[in-house]
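1. Sharing a model prediction with you, sequence too.
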Amino acid sequence: MPAAPLTCDAYLGGRLALWQPAEGYRAGIDPVLLAAACPARSGESVLELGCGTGTASLCLAARVADLALTGIERQPEVAALARRNAAENRIPMTVIEADLAHLPAGLRQGSFDHVIANPPYFRRDISYPSHHAAREAAMGEETPLATWVDVAARRLVPGGWFTLIQRPERLDGILGALRDLGSVQIQPLAPRAGRDAKLILLRARKGGKAALRLHAPLILHEGQTHERDGDDYTDGLTSVLRGGMALPGFGAAPI
């Protein structure tokens with residue numbers, strides 16, 4: 001069987017060139033925003049659950065030097081692309097083929113300063129699956145969202161941070177699964193001014209005791225409608241998507 005066609009796409013204004021399947025699920029801006037929201041510092045360790053082709057971890061490494069990156073990906077062909085992307089961009093990253101609900105013993109004994117995740121958005125008990133297997137694996141929930149949160153909490157060092165991106169309608173389930181994760185911060189992402197948020201970024205700290213903080217919505221696009229060819233991202237979003245900067249007001253390392 002011939003190999004599935006691939007494309008090599010530029011991220012962060014060309015700082016990264018990442019291979020991904022030409023069809024099915026293709027990484028957009030969501031993993032870039034996830035990377036921009038992670039408060040990692042140089043020298044720290046980061047575990048990405050469901051790393052896909054490595055987009056979020058590699059975008060984070062482009063902003064923060066000297067990170068120890070580990071990714072978990074259950075699809076062998078996708079994990080191979082993550083390894084290729086890390087190698088070709090000269091970013092050290094360990095990619096482990098595993099189901100996050102059944103981690104290998106060595107990983108279950110490890111701990112990390114940060115865990116990041118872009119879990120599937122859609123519950124398949126109330127929605128329809130994609131006909132494309134790779135897209136369904138990325139977007140359709142098979143492992144419960146609560147399991148993602150639990151695995152993240154178990155793998156964090158005390159005081160470590162969990163950062164994820166999700167849809168706002170999943171927020172109640174996320175908050176109910178946090179257990180020993182506290183100091184929760186939520187950043188709504190609205191497509192345009194006056195519109196409801198379509199995504200949220202959430203950050204929580206292992207053992208954190210601070211009150212929950214709900215940030216003002218971050219607006220992604222200028223104007224009320226898309227009125228011209230090309231991108232119409234706000235200046236703040238352009239600095240993230242093209243310049244690789246931390247998310248304005250949310251991506252800096254919290255105290």
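-> Yes, it's here.

2. list the contacts for Val46?
-> If a contact means CB atoms under 8 Å, 6 or more residues apart in numbering, then Val46 has 38, 40, 57, 60, 67-70, 112-116 as its contacts. The way it works is simple: take the backbone N, C-alpha and C, and place the C-beta from them, glycine included.

3. For it, which non-adjacent residue is closest in space?
-> His114 (4.5 Å; CB to CB, 6 or more residues apart in numbering).

4. List the ones among the contacts of Val46 that fall in helices.
-> Residues from those lying in helices, with DSSP state H as the criterion: Ser57, Leu60.

5. just the buried members of the contacts of Val46?
-> Members of the contacts of Val46 that pass the buried threshold by neighbour count (16 or more other CB atoms under 10 Å) are listed as Cys38, Ala40, Ser57, Leu60, Leu67, Leu69, Thr70, Phe112, Asp113, His114, Val115, Ile116.

6. Tell me the one of those residues nearest Gly160?
-> Gly160 lies nearest to Asp113 out of the buried ones among the contacts of Val46, by CB to CB, at 5.1 Å.

7. hang on, that closest one packs against Trp161?
-> Yes: in this structure, Asp113 sits in contact with Trp161. The criterion is CB atoms under 8 Å, and the distance is 7.4 Å.

8. circling back to that earlier point, let me know the closest of the contacts of Val46 to Leu12.
-> For the contacts of Val46, the residue nearest Leu12 by CB to CB is Leu60; the value is 10.6 Å.

9. Can you give me the neighbour number for the nearest residue to the closest one once chain neighbours are set aside?
-> Computed as CB to CB, 6+ apart, the closest residue to Leu60 that is not its neighbour in sequence is Ala35, at 4.0 Å. Other residues near Ala35 come to 32 when the count uses other CB atoms under 10 Å.

10. so Ala35, which of the three states?
-> helix (DSSP: H, G, I helix; E, B strand; the rest coil).

11. OK, contacts around it?
-> Applying CB under 8 Å, 6+ apart, one finds that Ala35 lies in contact with Thr55, Ala56, Ser57, Cys59, Leu60, Arg63, Ile116.

12. Also Gly243?
-> By CB under 8 Å, 6+ apart, the contact set of Gly243 is Leu12, Gly13.

13. Which residues does the longest helix seen in the chain contact?
-> Taking DSSP H as the assignment, the helix of the chain that covers the most residues is helix 76-88. Residues from elsewhere that reach helix 76-88, judged by CB under 8 Å, 6+ apart: 4, 6, 16-21, 51-55, 57-58, 69, 71, 73, 92-93, 95-97, 134.

14. and if we set it to 7 Å?
-> Residues outside helix 76-88 that contact it (CB atoms under 7 Å, 6 or more residues apart in numbering): 17-20, 51-54, 58, 71, 73, 93, 95, 97.

15. Can you list the strands that the next helix or strand along the chain from it pairs with?
-> Tracing the chain C-terminally past helix 76-88 and defining elements by DSSP states H and E, one meets strand 93-97 next. According to DSSP bridges, strand 93-97 forms sheet pairs with strand 68-73 (parallel).

16. circling back: adding distance to Gly208 and pLDDT as columns, could you present the contacts of Val46 in JSON lines?
-> As requested, those are exported to JSON lines (distance: CB to CB, whole Å; pLDDT from 0 to 100):
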{"residue": "Cys38", "distance to Gly208": "16", "pLDDT": "97"}
{"residue": "Ala40", "distance to Gly208": "16", "pLDDT": "97"}
{"residue": "Ser57", "distance to Gly208": "23", "pLDDT": "98"}
{"residue": "Leu60", "distance to Gly208": "21", "pLDDT": "98"}
{"residue": "Leu67", "distance to Gly208": "22", "pLDDT": "98"}
{"residue": "Ala68", "distance to Gly208": "22", "pLDDT": "98"}
{"residue": "Leu69", "distance to Gly208": "23", "pLDDT": "98"}
{"residue": "Thr70", "distance to Gly208": "23", "pLDDT": "98"}
{"residue": "Phe112", "distance to Gly208": "16", "pLDDT": "98"}
{"residue": "Asp113", "distance to Gly208": "14", "pLDDT": "98"}
{"residue": "His114", "distance to Gly208": "14", "pLDDT": "98"}
{"residue": "Val115", "distance to Gly208": "14", "pLDDT": "98"}
{"residue": "Ile116", "distance to Gly208": "17", "pLDDT": "98"}
